[in-house]
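A.B. asks: With the input below, show me the fold.
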Amino acid sequence: MTLVALFDRHQARLYRFALRLSGSDEEAEDLVQDAFVRAARARVPEDDEAALRWLVRVVENLARDRWRRRVVRETFARGRRSETYDPRPTLDAAATVRAALASLSPRQRAIVVRHHLDGEDAAAIAATLGIAPVTVRWHLAAARKRLLAWALLTIVVIATALLVQRPTPAPPPAARHIQCTTPGGTRVVWTLDPDFHM
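C.D. replies: As a prediction, this is how the structure comes out:
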């Protein structure tokens, strides 16, 4: 089947398919045009249904490629718009993990690192350290409790720091009262405007 005959037979159907994929007339037209450009360069199956399936796959792949490129462009554009990368949160998190690990005894630290970071099981750690597997599990449980306490303490410290940093609203200025007693024994009270200064 010639390329012209293929275009005449399947262009409208491919366009509707491309329009559903892209949601834009211009992009759907571009997808169909690019699919037929690829058909001109490639060997398209001779069977009409097989040729249509081939063209549908090409349109789908082209739409997927365009979507990926758009996502990359948008992500890159968002990254360029942001001021600069601030590594402090990452460094703070790494420092917190190092400090938490440092709070453990050397044996517990070795067991936690080998188990949680290196992925070794209790039997392998026990064989390496020359202790019983039950001892490894005991050290893991004790280390987890200590790390949990460390994490809770860190959360309390951070929450307290955030609360301290938040400015407390100033109390409304108190009205000033001046009291006096007249020579006749009458008590007089004057209320002054809070903004009035003597």
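A.B. asks: CA atoms for contacts and neighbours, from now on please.
C.D. replies: Fine.
A.B. asks: Just the buried residues of stretch 53-63, please?
C.D. replies: Buried residues in stretch 53-63, counted by 16 or more other CA atoms under 10 Å: 54, 55, 56, 58, 59, 60, 62, 63.
A.B. asks: Now, the residues you listed that are in strands?
C.D. replies: Among the buried residues of stretch 53-63, no residue falls in strands (DSSP state E).
A.B. asks: Can you lay out the residues you listed as a markdown table showing distance to residue 11?
C.D. replies: Shown next, in a markdown table, are those (distance: CA to CA, whole Å):
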| residue | distance to residue 11 |
| --- | --- |
| 54 | 13 |
| 55 | 10 |
| 56 | 11 |
| 58 | 13 |
| 59 | 11 |
| 60 | 14 |
| 62 | 16 |
| 63 | 16 |
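A.B. asks: can you count the residues close to residue 22?
C.D. replies: By other CA atoms under 10 Å, the residues close to residue 22 number 19.
A.B. asks: for it, what are its contacts?
C.D. replies: By CA atoms under 8 Å, 6 or more residues apart in numbering, the contact set of residue 22 is 28, 63.
A.B. asks: Check it and give its pLDDT.
C.D. replies: According to the prediction, residue 22 has pLDDT 79.
A.B. asks: for residue 193, same thing?
C.D. replies: Per-residue pLDDT puts residue 193 at 56.
A.B. asks: try residue 55
C.D. replies: 91.
A.B. asks: Which residue is the nearest non-sequential neighbour of it?
C.D. replies: Counting by CA to CA, 6 or more residues apart in numbering, residue 35 is the residue found nearest to residue 55 once chain neighbours are left out, at 6.4 Å.
A.B. asks: buried stuff in the helix or strand harbouring the one you found?
C.D. replies: Per DSSP states H and E: residue 35 is located in helix 25-41. Of the residues in helix 25-41, 27, 28, 29, 30, 31, 32, 33, 35, 36, 39 count as buried by neighbour count, 16+ other CA under 10 Å.
A.B. asks: ok now do the residue nearest to residue 55, which residues does it touch?
C.D. replies: Residue 35 neighbours (CA under 8 Å, 6+ apart): 55, 58, 59, 62.
A.B. asks: In helices, which of the residues you listed fall?
C.D. replies: Counting by DSSP state H, the contacts of residue 35 place 55, 58, 59, 62 in helices.
A.B. asks: For residue 119, state which of those is nearest.
C.D. replies: Of all the ones in helices among the contacts of residue 35, residue 62 has the smallest distance to residue 119: 41.3 Å, by CA to CA.
A.B. asks: how far away is that closest one from residue 32?
C.D. replies: Separation of residue 62 from residue 32 (CA to CA, to the nearest Å): 9 Å.
A.B. asks: repeat for residue 73
C.D. replies: Taken as CA to CA, the span from residue 73 to residue 32 is 23 Å.
A.B. asks: Next: residue 121.
C.D. replies: 55 Å.
A.B. asks: Below-threshold pLDDT in the chain: ranges please.
C.D. replies: In the predicted model of the chain, residues 79-91, 93, 159, 161-198 satisfy pLDDT under 70.
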